[in-house]
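J.: quick check, what structure comes out for this input:
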Amino acid sequence: MRPLTRAQARRLAVHAQLLGAARPVGIVETIDALTVVNIEPTAAIAPSADLILWSRLGWPYQPDDLVRLVEVDRAVFEWGGFYRAMTDLALLIPEMRTRPASRSARDWLEANDRFRRDVMARLRADGPLRPTEIPDGAQVPWRSTGWTDNRNTLQLLEILVMTGDVAIHSRDAKGRLFDLAERVYPADVETLSAEDAARERAQRRLGALGIARVRSVAQPVEAIDVGEIGDPVVVEGVDGEWRVDAAALDELDTFAPRTALVSPFDRLVFDRDRLQQLFEFEYVLEMYKPATARRWGYFALPILHGDRFVGKLDAKADRRAGVLTVHAVHEDIPFTPEIDDAVENEVQELARWLGLELRRG
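T.: Numbers count the residues shown, from 1 in each chain. Okay, the predicted model is just below:
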């Protein structure tokens, strides 16, 4: 079993996530390589999808280009809270056929079969529609301990998206519009067995992560189960076995570093255990904490320099005032003049991309 240093493991992860010096050339290519891009809409600086793509592509990336690829070109689609390349749809269809995953959701869907048929008919006649434009005809109300309690139409649409009967057509300032999947997804999708699709998805996941445990939870809906894909390795100073993308091992010597500001929902940082084990970096998204309990800020961005996370940027965008305010740059390690200059340049690039004046708070 091949041994890797922590630095080598980190470089595998950073390279796989397209955060080395060689930037990708386009949005679809980036999403395809990452396999998923989180859609969390919190926009203290920018929505997560936009931050994730900007951190890879740089200033040429514009959110309107992503909207066009999703809503006009249909080269990208939304499923399970992530943007995905449309070429991955064939890999997800066998997974869609297993949904809903929970027994309670299956029972609720069965009890509301007439409601389901009414919603599908309404979409066929008038779609795309918002949930508020579809009458709530549930025979049995949805029960939960959270915010979905009794929001029957929205809950049904969410389930039907996961089963592949309905798709998210578009988004605007008021939220999502839903339509029949056949009017959003292409008709000529390759048919794959569940086994072949699962294996290909595992290969793509590992390729996007570079290095992973056999099974670890990286983000909601996307449990990373790489099975026997890739090569087994051990990482010095870290217990247990890892799997690595075999092709990436051959590129270790060509790793070229750069500095990047990373979204809190970026896949490179989302798995906090992996982040601690490989990068020895502590990070918690603190927007859910009281202000007095925050150490780094409401929406602090992890700062990547080369193959290390060196700090956090506490900043906030005020679009009405036209200002990006930097409240603090928290240094996890003392910044050298080189790191300081690289981080300052990246902060200025962020302000330029956002079209905001940079201010210090």
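J.: now the residue lying farthest from the centre of the chain: how far from residue 112?
T.: Among residues of the chain, the one most distant from the C-alpha centroid is residue 139; the distance is 35.0 Å, by CA atoms, centre = their mean. Between residue 139 and residue 112 the computed distance is 5 Å (CB to CB, to the nearest Å). Where you see a C-beta, it was placed from the backbone N, CA and C, and this is true even at glycine.
J.: could you pull up phi and psi at the residue farthest from the centre of the chain?
T.: Here is the backbone geometry of residue 139 (degrees, to the nearest 10): phi -80, psi -30.
J.: start the count at 104, not 1, going forward
T.: OK, 104 is where the count begins now, so the last one is residue 242.
J.: for it, what are its contacts?
T.: Going by CB atoms under 8 Å, 6 or more residues apart in numbering, residue 242 touches 214, 215, 217, 218.
J.: tell me the confidence at it?
T.: For residue 242, the pLDDT comes out at 94.
J.: surely residue 368 touches residue 141?
T.: Yes - using CB atoms under 8 Å, residue 368 is in contact with residue 141, at 4.1 Å.
J.: what does stretch 195-210 rub up against?
T.: Residues outside stretch 195-210 that contact it (CB under 8 Å, 6+ apart) are 182, 187, 212, 262, 265-267, 292, 294-297, 300-301, 304.
J.: run me through the strand neighbours of the longest strand seen in the chain, direction for each.
T.: Using DSSP state E, we find that the single longest strand of the chain is strand 411-421. Strand 411-421 pairs in its sheet with strand 404-408 (antiparallel), strand 426-434 (antiparallel), by DSSP bridges.
J.: deepest-packed of these, please.
T.: Mean neighbour count (mean count of other CB atoms under 10 Å) peaks for strand 404-408 among the strands paired with strand 411-421, with a mean of 25.
J.: so the closest residue to residue 379 other than its chain neighbours: helix, strand or coil?
T.: Leaving out its chain neighbours, the residue that sits closest to residue 379 by CB to CB, 6 or more residues apart in numbering is residue 385, at 6.6 Å. Under the three-state scheme (DSSP: H, G, I helix; E, B strand; the rest coil), residue 385 adopts coil.
J.: narrow the contacts of stretch 195-210 to those in helices?
T.: 212, 262, 265, 266, 297, 300, 301, 304 (DSSP state H).
J.: and the fourth one, how far from residue 197?
T.: Translated: residue 266. Here the criterion is CB to CB. By it, residue 266 lies 12 Å from residue 197.
J.: in the stretch 204-353 of the chain, which spans are helices?
T.: Using DSSP state H, counting those that start in this stretch, the helices of the stretch 204-353 of the chain run over 206-214, 216-229, 255-266, 297-312, 349-352.
J.: pLDDT of the last one, averaged?
T.: Looking back up the chat, that one is helix 349-352. 86.
J.: tell me the buried residues in that helix?
T.: 351, 352 (16 or more other CB atoms under 10 Å).
J.: report the mean per-residue pLDDT for the next helix or strand after that helix.
T.: The helix or strand immediately downstream of helix 349-352 is strand 362-364, counting by DSSP states H and E. Summarised as a single mean, pLDDT over strand 362-364 is 98.
J.: pairing partners for strand 362-364, with directions?
T.: Strand 362-364 has the following sheet partners, assigned by DSSP bridges: strand 404-408 (antiparallel).
J.: residues contacting the partner strand, please?
T.: Residues outside strand 404-408 that contact it (CB under 8 Å, 6+ apart): 117, 122, 148, 154, 360, 362-367, 369, 371-372, 384, 386, 412-416, 418, 432, 442, 445-446, 449.
J.: let's see it at 7 Å
T.: Applying CB atoms under 7 Å, 6 or more residues apart in numbering, the contact partners of strand 404-408 are 122, 148, 362-367, 372, 386, 412-416, 442, 445-446.
J.: I'd assumed residue 270 was in contact with residue 264.
T.: Yes - here residue 264 reaches residue 270: they are 6.3 Å apart, a contact under CB atoms under 7 Å.
J.: more neighbours: those two, which one.
T.: Neighbour comparison, residue 264 and residue 270: the larger count goes to residue 270, with 23 against 20 (by other CB atoms under 10 Å).
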